[in-house]
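*Asks:* sequence below, structure please.
(2 chains)
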Amino acid sequence: MTNWKGITSNDTEYERWKREVSELDEEIKSFIQFDPDLGRKLTDSGRTGREGMLEGIPFAVKDNIAVKSFKLTCGSEILKEFTSTYNATAVEKLIAEGAFVAGKTNLDEFGMGSSTENSAFFNTRNPWNLAVVPGGSSGGSAASVAAGMVPFALGSDTGGSVRQPASFCGVYGLKPTYGSVSRYGLVAYASSLEVIGILAREIDTLERVFETIKGEDVMDQSSLSPDSGESGKEKSGKENRKKTIGIPEELENVDIDSEIRKSMEESLVNFRKSGFDIRKIRIPTLEYVVSAYYVIATAEASANLARFDGIRYGYRDFSAENPEELMLLSREKGFGEEVKLRILLGTYVLRSGFQEQYYIRAQKIRTAIRNDFSRAFKDVDLIMMPVYPRLPFEFENSEMDPFSQKLADIFTCTANLTGLPALSFPISLSSGLPIGMQLMAPPFEERRILEAARLYGNIFPVPIPSRHLGSPIGKGE
Amino acid sequence: MFQSFIGLEIHIQLLTETKVFCGCKASFGDEPNTNICPVCMGYPGVLPALNEEAIRMAYVVAMALNCEPNEYAIFERKNYFYPDLPKNYQISQFRSPVGRNGYLDLEYRQQKKRVRIREVHLEEDAGKMIHAGDISLLDFNRAGTPLLEIVTMPDLEVGEEAEAFLQNFRRIVRYLGVCDGNMEEGSLRCDANVSVNLRGKGLGSKVEIKNLNSFKFVRKALNFEIERQTEILERGGSVTQETRLWNENRDLTESMRVKESESDYRYFPDPDLPPFRPDENFLKEVKERLVELPEERKKRLMEKYGLSKLQADFICEEKETADFFEETVNMGADPRVAAIWLASDVQKMLNKYQLSISDSPLKAKRFARLLELLSARKIHGKIAKQVLQSIFEENRSPDEIIEKNGWEQITDRSEIRKILKEVADKNPEIVKQIRSGETKPVQYLIGLIMKETAGRVEPGILQEVIREEFAFTLVRVISMGGAITGEVSEDGTILPGDPAKLISRIKEKTSFNGKIKIEEFSVNRILSEEINPEDWAVLISTIANHIQKGDTNGIVIAHGTDTLSYTASLIFWLFPSPGIPIVFTASYQPPATKEDIRGEAFENLSGAISKIATLGEGIYVYLDGKILSPLNLKFERIGTNGFTNWNLEKPVFSAKGMTSYLSTENFSRDTLLGKIREAQERSFIIKVYPGLKGDTLIRLMDAGIRHFILEVYDTGTANLRESPFSLRKAFNVGKERGINFYCTSQQRQNIDFSRYITSHELWKEGAIPMGALTTESVYTRLIASYILSQSEEEIVKIMEDTGAYTGF
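*Replies:* This next block holds a predicted model:
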C-alpha cells in the first residue's frame, strides 16, 4: 500500500475516520450497512497472528458478496433482512491478510442495472456530481472508493458492473479473467459470465488485492489456477519488444459520445508517446454481443434467482395459504421490476423448442466472439475500447432508459462473454465528470493490463472529486 | 392380439458418506434438518462442488450395465418450483449423462432377454415435505444426496418380468456396494412407462406409473395397467397419455395428471460445474470396482461347484453370502454340503439372531471346521446342529464346543472293531444267529455296543464295520404291493398278496444266502392303483430313516406298474443324492405259483436285489433285465419294454447339485402325510383338449386348486383365441389369485415357449414351461416341492428351478 497504512492500532484515528465516512455517506449513500466495528471483530477473530499484506486496511464490499454476520441484501426487498452465515472466499482471503470490512455497499438489485437506481432501498450519488448516477451495478463500491472512504472495494462484474461505475466515478475497476477469482460467496446472477472484481484509487492497491484474492478454490469448481493461462509460454520471447494495442475497427459503427471519442483519440496519442504501437483490429461479432449477452445472462438468472422463494429464508408473504402460494407471493412482492423482467426473459429463451433459436444460438455467438478475440490477440498485446458509450448521466435520465442502458453494455459485456480480463481506468474529465477507457488482455494476463495502466497513471493521475473524505486516515506515510 | 411395453425409470440413492455437491452427511433417519449447510439449502452465493465418490459410483453402475461412458459427463439444471427443492432447480444430467446405450441380460421363466438401458445419470435428491393438518413441514436432510437414475428402453412385457428385472438390478447395485436397494425406505425407487398396442404396431400411448414402492406393487400395478389399457383398446377406445398413481389400498392405478400440461424443465448446462471428464486413472479405479456380478457368479458357482440353480440363487442373493460360501469352500468344505447348510440351518440361526452372515459369530473358518468334523463323522448331523447353535450362543470354535460338551464320536474303525469284538465275544449266541443268516440280531448287537460306549460310536461306521466283519450285504426290500407281490384269484383276477412268500422263495432259490442278507418291510398290501398319500408317507419316511441310520447297503422297492412312474420320480426328487442305491422294480404278472417256474416277478425282484452290490448311489428302475431312470418314466404299455424314458439324452439316476433339505429330523410321518395331502388337494393335472373351457379351470380354482399342470399341445400351445374355449380368462383369473400353471407336453418332446405366438402368450400369462419333464415327473416334483418348502413362493421357485433340468 502506497498511501494507506493500517488503522487498527490507532483508535483515535479509526474513530475519526468512521465518523467522517458516516457523515460524508449521508450525502453519497454508498453503504447499505456501514459497520467497521463488526468488520474489525470479524478480522480479529479470523487472524492467525501472522503480519498480513493488508494489515488494518478497511474495504467496502458490494452487498451481493457474502460477509459473515453482515447483511446480504443484494439490493432487494426479498433479502432485506438476510444476514450471511459465511464469508465469500475472496473476503476470507482479504481478512486473512489483515484487511477488515467497513461495510456493504449499494447496488442495482442482484446486480441488474447500470446506475444503481434499481436498488430497492435508495439511490447512491456520484461523488463528482450529486445529481449524477455513480454507474452500476457496483455503484456503492465505486462511490465509496471515489469519495476516499475506503482504499478499495469489492464489486462483481457480470456485464460491466465493476468497470462502468469505476469509469463513472473516476477510479480503477478490474474485471479479472473468468475463474481467476472464486465466485464462492457471490450471489449468482449469471454464473458463466461473472467474476468478483476490484475497485481502487491506486493501481498498486488494486494489484495487491488481486494477488490476494485470486487462485483456485475447492468451493468453486469453475475457478482456475493461473497456470491455465498462456502467460508462461508467451512471456519469454515478447518481454522486451514493443507492446501493441489493438483498436477494433467496428467502434466506428457504434454510436459513441463525441467527448468520449475525443478522449480516446487523446489517450491513443499518449500511449503512442509512451512507446506503444497502435493497430486496428477486427472484431466482426461486436454487433451481436449485447443480444447474446442478454440471452445468456437472463437464462442463467432465471435459474439462479429461483431459490429466492420465501421458504427457507428471505421475505415471506404470510398471507399465503399453502407452500406453493407462499413461493408465488413472496417472489411477486420481493423482486423489483427489472429483476422480474430478466427472469421472464430468461425463462422465455430457455423454453424447450425455443432453445435452438435463443440460448443455443447465443452460445454459438459466444464461441464466435471468443474466436474473434483470440485471433486478434495473435497480433496485439492489448485491446482498447471505451468502457461506456455515454458520459455519466443524471438520475431518471429519460434517454438512458433500461433498454438504452442494456445497449450501452456493448463494450463491457464482451469481456464477460469471452472471460477475458479487462480494466477500466480514468483518462480524462469532461464537464467535471470522469471518462474511463478499457484495456483487455488474453486470459490471466492481468499484469499486462495493470502495467499499461500504471504507465498511463503517470500521464493522467487519478483525479479527486469534490465530495471526498477531508483527510483520509492513514493517508501519506 | 395385443403387445405390452414396459420401460422403467429407476432411482437409487448412492451410499456415499457425503452429499453429492457439499460436505453434509448423507444419512437417513436423522433428526430433521440436521444434515444441512448453506450449499444444500440453496443459500445465496454458495456453489456446488462435485463429490468424486458419487461420480465414481455412477460410472461403476454405468459400466456394470454395459453402458458406453460419455467422454464428458455434463451436469444440467432441471428447472421446476417445488418447496422441497432448495434451489428450485435440480442439478441433473440431460444431454450428456454418465453413460448411454447399455443393457442387462435377464432370464425370466426360461426366456432369455436383453433389456436395453437408455441411460444412466447422476443427480441430486430433493428434500421431503410432509403435510400435517393445516401446516406443511419440510426436512432438507435428503436434499442434495446423490441419486442415480437408470432408464431402460421399453423392453419388458409383463409385471412379473419387470419385478424380476428390478430384483436383478437390486442385487447388482448391492454387489457393487453403491446402494442398499431398500424399496420400502426409498433408497431404490421405480417409476414405469406402460403402453399397449396391437402386436406389430409398435409402442402405444405412454402412461407413466408412479408410487411403486415395493417389488410387489411394481408387479401388481403394471399388470393392472396392462389389463386396463388392453380393455380400453379392445373396446375400440384409445388410451390417454397421462401419469397415474398406484393406489395400494384399492389395488389399481388412478389418474394423477394428464400429460398435456407436461412441465418444461428448461434444461441447460450448469455453469457452476465444469463437465466431468473421466481420465484413464479414473476409469481404472472404476473397473477395479466392477466385482463379479450376481448372474455371472451364479453361473460360475453352478459350473465350478455343481450347485443347483436354486442353491446358486440363494448363495448369490447377497454378495457377503457368496463370499462366505467361497471362503468356506476354499478351506476344503464340500460345496454342496456347505450350500445346503447355508440355506437351511445357518439361515435359521441368522434369522433367529437377526444377523447378517458377515457380522455373525459364524466365521468361514468355524463353518468349514464344522463341516469337516461332520464329514469325518467326528460328530453326526444332530450334534452338528447343536454345535452351530452353540457357536451363535457362545461365540466359540466348534472344537472348543465339542470338547467342552464331550460330543466327539468314536469314528476310528480299528477302535470300533475292537469294541465289536469285545461285545461279540461276550455274546456268542448272537454271533451264531447272525452267521446263520438272520438279520434281527444285528440290531440287538448294535444296541449292546451303544450301551457299552454310552452312544458315542458313530452308528453308520458301526453298521459298516459289522457288515464287513460278518461279510454280508444288507438289502432292505420294501413292498408297496402290486402284482409283483400279488396273487391270482380263482377267477383269474389279480389280488394283493403277501410279499414274504416271494422273498422266502428268493432266499431259497438263490445263492444270496450268507452274502446278501434281506430285510423285508411291507408298506401295504395293495394294488398299484390304490396307492394313497399314507403309503407314500410311510415309504418316504422309511427310506429317509435307513439313509439316516446308514443301516443298509441298498433298498429295493417292489412296486405296482400303474403308478411306478409317479413313485419313482417322487423318490428321485426327494432323494436326489441318497448315498446308497435305491432300486424300484415291478412285474406285470404276480409271482408264479408252480415250484419249477421262477417267473417275471421272481426275476425282477431277485435281479433288483442282486444289483445293489454293483450300483452306485442313486434311484434306479430295474425291469426286464434293464435299468431305467426314475425321471420321465413312461408306462406306455403292458409287456416287455412297456416302460421307457422320455426326452432324456442320457439316463439320470442322481442329481448331486439338486437341493433337497429332507431329513427325518425335520419331518415326522404325520407332517409328511399332511404335506402330501395338501399338495394333492391343491394340484390338478389337465390335458388340454379341444372343448376345454376356461370356466372349468376357474371352477377348479374356486374349489381350492392352486397349481395346474397343463398338458398342452406339442411345444406349448393352447387355445387363447376369444371364445368360450379360450383359456385366457382362466389365466387372468388365475394370475389375480396367484394360481400357478406349469406346462408339459402331450407329445414326447420338450416344452418350448419360444416357437408359437400362443406359447409366447402362455409365457406372458405366467405359465412355467417345464422343459423336457413329463407330466408324471412334474406332478411329483410339485409334491416334493410342497414337502421341501415352507411357503408357496418357495414351491414356485423350486418348480421354476426344475425347468432348468431340461438337460437331463
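
*Asks:* up against chain A, what does chain B have?
*Replies:* B:38, B:41-50, B:77, B:79, B:81, B:83, B:86-89, B:129, B:136, B:138, B:140, B:264-268, B:270-274 (CB under 8 Å from any CB of the partner chain). In this view, the C-beta of every residue, glycine as well, is placed from N, C-alpha and C.

*Asks:* out of these, which are inside strands?
*Replies:* B:R77, B:N79, B:Y89, B:M129, B:S136, B:L138, B:F268 (DSSP state E).

*Asks:* the residues of chain B next to chain A, buried ones only, as a ChimeraX selection?
*Replies:* The ChimeraX selection below is limited to those of those classed as buried (16 or more other CB atoms under 10 Å in any protein chain shown):
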select /B:38,41,42,43,44,45,46,47,48,49,50,77,79,83,86,87,88,89,129,136,138,140,265,266,267,268,270,271,272,273,274
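
*Asks:* in contact with the closest residue to B:G181 other than its chain neighbours, which residues?
*Replies:* Distances taken as CB to CB, 6 or more residues apart in numbering or on different chains place B:R170 nearest to B:G181, at 4.0 Å, with adjacent residues excluded. B:R170 makes contact with B:G181, B:M183, B:L188, according to CB atoms under 8 Å, 6 or more residues apart in numbering or on different chains.

*Asks:* which of these has the most neighbours?
*Replies:* When neighbours are taken as other CB atoms under 10 Å in any protein chain shown, the top entry among the contacts of B:R170 is B:L188 (22 neighbours).

*Asks:* least trustworthy helix or strand in the chain by mean pLDDT?
*Replies:* In the absence of a named chain, this looks at chain A. When the helices and strands of chain A are scored by mean pLDDT, DSSP states H and E, helix A:231-238 comes last with a mean of 47.

*Asks:* wrong one, chain B
*Replies:* helix B:792-803 (a mean of 79).

*Asks:* of all the residues in that one, which ones are buried?
*Replies:* Neighbour-count burial for helix B:792-803 [16+ other CB under 10 Å]: B:I795, B:V796, B:K797, B:I798, B:M799, B:E800, B:D801, B:T802, B:G803.

*Asks:* what is the nearest of those residues to chain A?
*Replies:* Using CB to the nearest CB, B:E800 comes nearest to chain A of the buried residues of helix B:792-803, at 45.5 Å.

*Asks:* got the phi/psi numbers for the closest residue to that closest one other than its chain neighbours?
*Replies:* Nearest non-adjacent residue to B:E800, counting by CB to CB, 6+ apart: B:I768, 5.6 Å away. Dihedral angles of B:I768 (phi, psi; degrees, to the nearest 10) stand at phi -100, psi 120.

*Asks:* against chain A, how distant is B:I768?
*Replies:* B:I768 is 46 Å from chain A, where distance means CB to the nearest CB, to the nearest Å.

*Asks:* what is the neighbour count of that residue?
*Replies:* Neighbour count of B:I768, defined by other CB under 10 Å: 22.

*Asks:* who are the contact partners of it?
*Replies:* B:I768 touches B:R109, B:Q110, B:N740, B:F741, B:Y742, B:C743, B:V796, B:M799, B:E800, B:G803, counting by CB under 8 Å, 6+ apart.

*Asks:* likewise for B:R781?
*Replies:* Contacts of B:R781 (CB under 8 Å, 6+ apart): B:S569, B:W573, B:L773, B:I798, B:M799, B:T802.

*Asks:* residues near residue 375, how many?
*Replies:* No chain in the question, so chain A it is. Counted with other CB under 10 Å, the neighbours of A:R375 add up to 12.

*Asks:* wrong chain, I was asking about chain B
*Replies:* Counted with other CB under 10 Å, B:S375 comes out at 13.

*Asks:* so what does it look like in phi/psi?
*Replies:* Main-chain dihedrals, B:S375, degrees, to the nearest 10: phi -70, psi -30.

*Asks:* B:N197 too?
*Replies:* Dihedral angles of B:N197 (phi, psi; degrees, to the nearest 10) stand at phi -150, psi 170.

*Asks:* ok, now B:V115?
*Replies:* Per-residue torsions, B:V115: phi -90, psi 120 (degrees, to the nearest 10).

*Asks:* so it touches B:V151, yeah?
*Replies:* No. At 11.3 Å, B:V115 does not count as touching B:V151 under the criterion of CB atoms under 8 Å.

*Asks:* quick one: which of these two has more around it?
*Replies:* Neighbour totals were compared for B:V115 and B:V151, and B:V115 leads with 23 against 18 (other CB under 10 Å).

*Asks:* once you drop chain neighbours, what's closest to that one?
*Replies:* Spatial nearest neighbour of B:V115, excluding adjacent residues (CB to CB, 6+ apart): B:D155 at 4.6 Å.

*Asks:* pull the number of nearby residues for that neighbour.
*Replies:* Residues near B:D155, counting by other CB under 10 Å: 20.

*Asks:* check the one 10 residues further on too.
*Replies:* Neighbour count of B:F165, defined by other CB under 10 Å: 23.

*Asks:* how is the closest residue to it other than its chain neighbours assigned, secondary-structure-wise?
*Replies:* Excluding its sequence neighbours, the residue lying closest to B:F165 (CB to CB, 6+ apart) is B:L106, at 5.3 Å. Under DSSP: H, G, I helix; E, B strand; the rest coil, B:L106 falls in the strand class.

*Asks:* just the one 10 residues further on next, same as before
*Replies:* When the structure is reduced to helix, strand and coil (three-state DSSP), B:R116 reads as strand.

*Asks:* so who does the residue nearest to it when sequence neighbours are not counted touch?
*Replies:* Distances taken as CB to CB, 6+ apart put B:M153 closest to B:R116, at 3.9 Å, once the chain neighbours are dropped. Neighbouring residues of B:M153 by CB under 8 Å, 6+ apart: B:G7, B:V115, B:R116, B:I117, B:R118.

*Asks:* quick one: which of those residues is nearest B:D412?
*Replies:* B:V115 (57.9 Å; CB to CB).

*Asks:* tell me the spacing between the residue in the stretch 451-600 of chain B positioned nearest to chain A and B:D752.
*Replies:* Nearest to chain A in the stretch 451-600 of chain B, going by CB to the nearest CB, is B:W573, at a distance of 59.9 Å. Distance, B:W573 to B:D752, using CB to CB, to the nearest Å: 23 Å.

*Asks:* okay, these two: which has more neighbours?
*Replies:* The neighbour count for B:W573 versus B:D752, taken as other CB under 10 Å, is higher for B:W573 (25 against 18).

*Asks:* which element, helix or strand, includes the more buried one?
*Replies:* Element membership of B:W573 [criterion: DSSP states H and E] is helix B:564-574.

*Asks:* angle of the helix or strand following that helix against helix B:564-574?
*Replies:* For helix B:564-574, the following helix or strand on the C-terminal side (DSSP H and E) is strand B:581-585. If you take axes from the mean of the first three to the mean of the last three CA atoms, to 10 degrees, strand B:581-585 sits at 170 degrees to helix B:564-574.

*Asks:* does anything pack onto strand B:581-585? Which helices or strands?
*Replies:* For strand B:581-585, the packing partners by 3 or more CB pairs under 8 Å, 6 or more residues apart in numbering or on different chains; DSSP states H and E come out as strand B:554-558, helix B:564-574, helix B:599-611, strand B:618-623.

*Asks:* quick one: the second one to strand B:618-623, angle?
*Replies:* When you say that, I think you mean helix B:564-574. Per the same axes, to 10 degrees, the angle that helix B:564-574 makes with strand B:618-623 is 170 degrees.
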